[in-house]
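Novice: Fold the following for me, if possible:
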Amino acid sequence: MVDTKKSLRREIQYANLDELVADAQRLVSLNATTTGNWSAGQIFEHLARVMEKSIDGFETPPLPWIVRLGMRIFLKNKILNQPMSPGFKLPKRAEAEIVADPIDEQKSLDHLKRAVSRLKSETERKPSPFLGRLTLDEWNQLHTRHAEMHMSFLSES
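Specialist: Sure, this is the predicted structure:
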């Protein structure tokens, strides 16, 4: 198991989710390797699942309201506007919902493309289990920062 806090990572910043899709397609064509614990397919699938859950709703119960309130007040701006740090351990109950077993890269890339397309065409969003209600723009920012962190583990060489 790789200590993801110490892994070599690419420095990337996406202006929007279309840039994420273009980067993912390019990395698949380069047969990119990973410096973390998940394969490219697992990364794409995880991102797609979280994106779809923001539209369809999360099965995992949200954090207690007081924790969500604290996160909204003290961490929301940082989470939406600054790079995310690796090494966050999901609660066990959330892993089954959004963490993927090994999966074919192309299949998961196609899923990621569909998820981004849904985000662009559907306006309904469910509350975040961590931050509560977010606007469309805030959800897109959250997805973009989240994608940057995971995609940084894919190496071009």
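Novice: Give me the distance between the most far-flung residue of the chain relative to its centre and Gly132.
Specialist: In the chain, the residue that sits farthest from the middle, by C-alpha atoms, centre = their mean, is Ile66; the gap is 24.1 Å. For Ile66, the distance to Gly132 (C-beta to C-beta, to the nearest Å) stands at 11 Å. Every residue, glycine included, has its C-beta placed from N, CA and C.
Novice: And for Leu109?
Specialist: 31 Å.
Novice: quick one, which of the two is more surrounded?
Specialist: More crowded of Leu109 and Gly132, by other C-beta atoms under 10 Å: Leu109, with 20 against 15.
Novice: Does the more buried one lie in a helix or a strand, and which?
Specialist: helix 105-121 (DSSP states H and E).
Novice: Enumerate every residue touching the residue lying closest to Leu90 once chain neighbours are set aside.
Specialist: Leaving aside its chain neighbours, Leu90 sits nearest to Val99 (6.8 Å; criterion: C-beta to C-beta, 6 or more residues apart in numbering). Applying C-beta atoms under 8 Å, 6 or more residues apart in numbering to Val99 gives the contacts 42, 46, 90.
Novice: now those: which count as buried?
Specialist: In terms of neighbour count (16 or more other C-beta atoms under 10 Å), the buried residues within the contacts of Val99 are 42, 46.
Novice: between the contacts of Val99, which is nearest Pro83?
Specialist: His46 (17.4 Å; C-beta to C-beta).
Novice: how many degrees apart are the host helix or strand of the closest one and helix 105-121 in direction?
Specialist: In this structure, His46 sits in helix 40-56 according to DSSP H and E. Computed by axes from the mean of the first three to the mean of the last three C-alpha atoms, to 10 degrees, the angle separating helix 40-56 from helix 105-121 equals 30 degrees.
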